[in-house]
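Chemist: A predicted structure for the sequence below; I have some questions about it.
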Amino acid sequence: MTKKNVGSSIDDFLKKEAIFAEAQAQAIKEVVAWQLAKAMKKKRISKARMALLLKTSRSQVDRILDPKRDITLSSLQRAAYSCFWHGSSACVVR
């Protein structure tokens, strides 16, 4: 008698601990920051250039690219939009 899945899922655990939404938001931030960094590298957009496109400082771009920092999803969205808008190909790297 072998079971493939024993116990509850990680989602169930996070919900039980009342941190599911927070964990999900953090995961989204990490993926978007990673995709943005890859797209910037592919399109050869420097942090300084991205700062100009976003009308912000280079240190803010550093914060956007560091998913461990406290950055809002709207800031990541703005950065991703800027990358899409100022390039000829899609920003998301697959």
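Modeler: Now that the structure is in, tell me what you want to look at. Residues are numbered from 1 along each chain as shown.

Chemist: in the chain, what helix or strand scores lowest on average pLDDT?
Modeler: helix 73-85 (a mean of 73; mean pLDDT, DSSP states H and E).

Chemist: now that one: buried residues?
Modeler: Residues S75, L76, R78, A79, A80, S82, C83 are the ones in helix 73-85 that count as buried (16 or more other Cβ atoms under 10 Å). Backbone N, C-alpha and C define where each C-beta goes, glycine included.

Chemist: what's the answer for stretch 41-56, then?
Modeler: For stretch 41-56, burial by neighbour count (16+ other Cβ under 10 Å) applies to K43, I45, K47, M50, A51, L53, L54, T56.

Chemist: the spatially closest residue to D11 that is not a sequence neighbour: neighbour count?
Modeler: Nearest non-adjacent residue to D11, counting by Cβ to Cβ, 6 or more residues apart in numbering: F20, 6.5 Å away. For F20, the neighbour count with other Cβ atoms under 10 Å is 15.

Chemist: likewise K16?
Modeler: 10.

Chemist: which residues does M50 contact?
Modeler: M40, V61, A79, S82, C83 (Cβ atoms under 8 Å, 6 or more residues apart in numbering).
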